[in-house]
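> Fold the following, please.
(2 chains)
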Protein chains: 2
Amino acid sequence: MSTPPVFDAAFAAQFTELLRWRRDVRRFRRDPVPDELIEGLIAQTQLSPSVGHSQPWRWMAVDDPRQREAVQASFSRCNAEALSAYEGERAALYARLKLEGLREAPVQFAVFCDHGTDRGHGLGRQTMPEMLDYSVVAAITQFWLAARVAGLGVGWVSILEPAEICAALEAPPAWKLIAYLCIGWAEDECDTPELIREGWDTA
Amino acid sequence: MSTPPVFDAAFAAQFTELLRWRRDVRRFRRDPVPDELIEGLIAQTQLSPSVGHSQPWRWMAVDDPRQREAVQASFSRCNAEALSAYEGERAALYARLKLEGLREAPVQFAVFCDHGTDRGHGLGRQTMPEMLDYSVVAAITQFWLAARVAGLGVGWVSILEPAEICAALEAPPAWKLIAYLCIGWAEDECDTPELIREGWDTA
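Down below sits the predicted model:
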């Protein structure tokens, strides 16, 4: 076993910068991303915490144009419905927001939680079974930060109908959709969330 | 606005070390942790991603000895039930595991998701309402890493009955328990998860 690392003040300051500059990215350049970079980031997610060491995350690359179109169609339907729930200025503001980069992001992944896994032998999730899903969220969070370290932007799209996405991607029945991720080089970098810049949230 | 940071190879390598050495800690030294350190880490969780910028996380310090005893009692009951679900060698192995540091950890927090919040105006969670809970998990994940940067260990205890914890802590009805965290200086550091060292998981 190696010696435990000690993180100095310089690293801590840079780590805070990483948290400050991670963004939910919706505006991507179309430049390709090297496969090895993505593979390395996904391999690294094995270091994420998971309940009972169950590692229930399943990463599915979505490259097929027909599958991407199905995802875009699901977004369009869900977003139109979401818009119809707002009124007046709030509706006008919502309509102006760009909430996804589904057409531009060169790399896209659906991330599932495998509810059929035996790994972990159920440890830690008898009274809180949701811990399995939370383990996948933790892995996505670490992926998000690791991607930003590499200069890559990530956008988490949740304005989707999970059943439609699972059907379009032919996911195994035991897999629950946790996230749909758009990944690529951001058009621009900013330390302020877009929803604050656009006035959706003022805090 | 400041200039976007570029993270060099040295930072990336140290970041990977951080992921490698984050652990779910169950063995804590009883030395106190400075309040300012904990307050700074929790303040930093405001930089975590959240759906619609809703920031639904609510951190409740658990210092009252009677409340801590109620948490320990809930763990004892749930852990005995969990043990009774295993048989033979697996049961013997489960009985040997130390799964929490509830008696030793100097700092303890219950982390809730506020389902009553107006922040975010519902954006991004009409079809996937679970995104609100996931936002809290993301914040906990970032807290966990930030704590390890500062040399602090975190253990996430999920062998608890959420209803019992919410009652003991008198949480508002709209708050859902996401995690119970033990925080303090780890007795020892290791780059391998305890569940692998103990043979619970072999992967």
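> can we go C-alpha only for contacts and neighbour counts from here?
Will do.
> next structured bit after whichever strand or helix holds A:Arg148?
Assigned by DSSP states H and E, A:Arg148 belongs to helix A:131-149. Once the chain leaves helix A:131-149, the next helix or strand it forms, by DSSP H and E, is strand A:153-157.
> before we move on, back to that, for the helix holding A:Arg148, list every residue counted as buried.
Going by neighbour count (16 or more other Cα atoms under 10 Å in any protein chain shown), the buried part of helix A:131-149 is A:131-149.
> restrict these to those near chain B?
Taking Cα under 8 Å from any Cα of the partner chain as the test, chain B is in contact with A:131, A:134, A:137-138, A:141-142, A:146, A:149 out of these.
> which residues of chain A fall in strands?
Taking DSSP state E to define them, one finds strands in chain A at A:57-61, A:107-114, A:153-157, A:175-184.
> Can you tell me which of those strands is most buried?
Greatest average neighbour count among those goes to strand A:153-157 (a mean of 25), per mean count of other Cα atoms under 10 Å in any protein chain shown.
> Just list what that strand packs against, helices and strands only.
Contact here means 3 or more Cα pairs under 8 Å, 6 or more residues apart in numbering or on different chains; DSSP states H and E; on that basis strand A:153-157 packs against helix A:131-149, strand A:175-184.
> can you put these in TSV and add mean pLDDT?
TSV is the format used below for the helices and strands packed on strand A:153-157 (pLDDT from 0 to 100):
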stretch	mean pLDDT
helix A:131-149	98
strand A:175-184	98
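> of all those, which lies closest to B:Ala105?
helix A:131-149 (21.6 Å; Cα to Cα).
> Mind listing residues that contact the closest one?
A:18-19, A:21-22, A:41-42, A:44-46, A:48-51, A:54-57, A:111-113, A:115, A:124-125, A:153-154, A:178, B:6-7, B:12, B:15, B:134, B:137-138, B:141-142, B:158 (Cα atoms under 8 Å, 6 or more residues apart in numbering or on different chains).
> rerun at 6 Å
Residues outside helix A:131-149 that contact it (Cα atoms under 6 Å, 6 or more residues apart in numbering or on different chains) are A:45, A:48, A:50, A:57, A:113, A:125, B:7, B:138, B:141.
> what does chain A have sitting close to chain B?
Residues of chain A lying close to chain B (Cα under 6 Å from any Cα of the partner chain) are A:7, A:124, A:127, A:138, A:141, A:149, A:158-159, A:161.
> among the contacts of helix A:131-149, which two are most distant?
Pairwise distances across those peak at 36.9 Å for A:Arg125 and B:Phe7 (criterion: Cα to Cα).
> rewinding a little: can the residues of chain A next to chain B go into a markdown table with extra columns for distance to B:Leu93?
Output for those, formatted as a markdown table (distance: Cα to Cα, whole Å):
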| residue | distance to B:Leu93 |
| --- | --- |
| A:Phe7 | 35 |
| A:Gly124 | 14 |
| A:Thr127 | 20 |
| A:Ala138 | 27 |
| A:Thr141 | 31 |
| A:Val149 | 39 |
| A:Ser158 | 40 |
| A:Ile159 | 43 |
| A:Glu161 | 42 |
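> Which one of the residues you listed is nearest to A:Tyr94?
A:Ile159 (12.8 Å).
> Show the pLDDT at that closest one.
Looking at A:Ile159, its pLDDT is 98.
> My read is that it contacts B:Gly124, right?
Yes: the criterion here is Cα atoms under 6 Å, and A:Ile159 meets it with B:Gly124 at 5.4 Å.
> Can you get me a residue count around A:Gln72?
By other Cα atoms under 10 Å in any protein chain shown, 18 other residues sit near A:Gln72.
> what does A:Gly124 give?
A:Gly124 is flanked by 25 other residues according to other Cα under 10 Å.
> Wait, it touches B:Val157, no?
No: counting by Cα under 6 Å, B:Val157 is not a contact partner of A:Gly124; they are 7.8 Å apart.
> would you list the contacts of helix A:131-149 in a markdown table and tack on distance to B:Cys190?
Shown next, in a markdown table, are the contacts of helix A:131-149 (distance: Cα to Cα, whole Å):
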| residue | distance to B:Cys190 |
| --- | --- |
| A:Thr45 | 18 |
| A:Ser48 | 15 |
| A:Ser50 | 17 |
| A:Trp57 | 24 |
| A:Cys113 | 27 |
| A:Arg125 | 24 |
| B:Phe7 | 26 |
| B:Ala138 | 24 |
| B:Thr141 | 19 |
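> ok, these vs A:Arg29, which is closest?
Using Cα to Cα, B:Phe7 is the member of those that lies nearest A:Arg29, at 19.7 Å.
> mind listing what that closest one touches?
A:Val149.
> Equivalent analysis for A:Ala186, please.
So A:Ala186 contacts A:27-28, A:153 (Cα under 6 Å, 6+ apart).
> ditto for A:Gly120
For A:Gly120, the contacting residues are A:52-54, by Cα under 6 Å, 6+ apart.
> Could you rerun that using 8 Å?
So A:Gly120 contacts A:51-54, B:200-201 (Cα under 8 Å, 6+ apart).
> That one and A:Pro129, how far apart?
According to Cα to Cα, to the nearest Å, A:Gly120 stands 12 Å off from A:Pro129.
> do A:His115 as well
On the measure of Cα to Cα, A:His115 and A:Pro129 end up 10 Å apart.
> Quick one: the helices in chain A, in order.
A:9-21, A:35-44, A:65-84, A:88-96, A:131-149, A:162-168, A:194-197 (DSSP state H).
> Give the other helices and strands that the second one contacts.
In this case it means helix A:35-44. Looks like helix A:35-44 contacts helix A:131-149 (3+ Cα pairs under 8 Å, 6+ apart).
> Could you tell me how far the helix it packs on lies from the centre of the chain?
Relative to the mean C-alpha coordinate of its chain, helix A:131-149 is positioned 8 Å out (Cα atoms, centre = their mean, to the nearest Å).
> in chain A, which ranges drop under the pLDDT threshold?
Chain A contains residues with pLDDT under 70 at A:1, A:203.
> let's see it at 50
The model of chain A has no residue with pLDDT under 50.
> list the contacts for A:Glu164?
A:71, A:74.
> Please read the previous query as pertaining to A:Phe112.
A:57-60, A:136, A:175-179.
> in the sheet, who's paired with it?
For A:Phe112, the beta-bridge partners are A:Arg58, A:Leu177 (DSSP bridges).
> From chain B, how far out is it?
For A:Phe112, the distance to chain B equals 13 Å [Cα to the nearest Cα, to the nearest Å].
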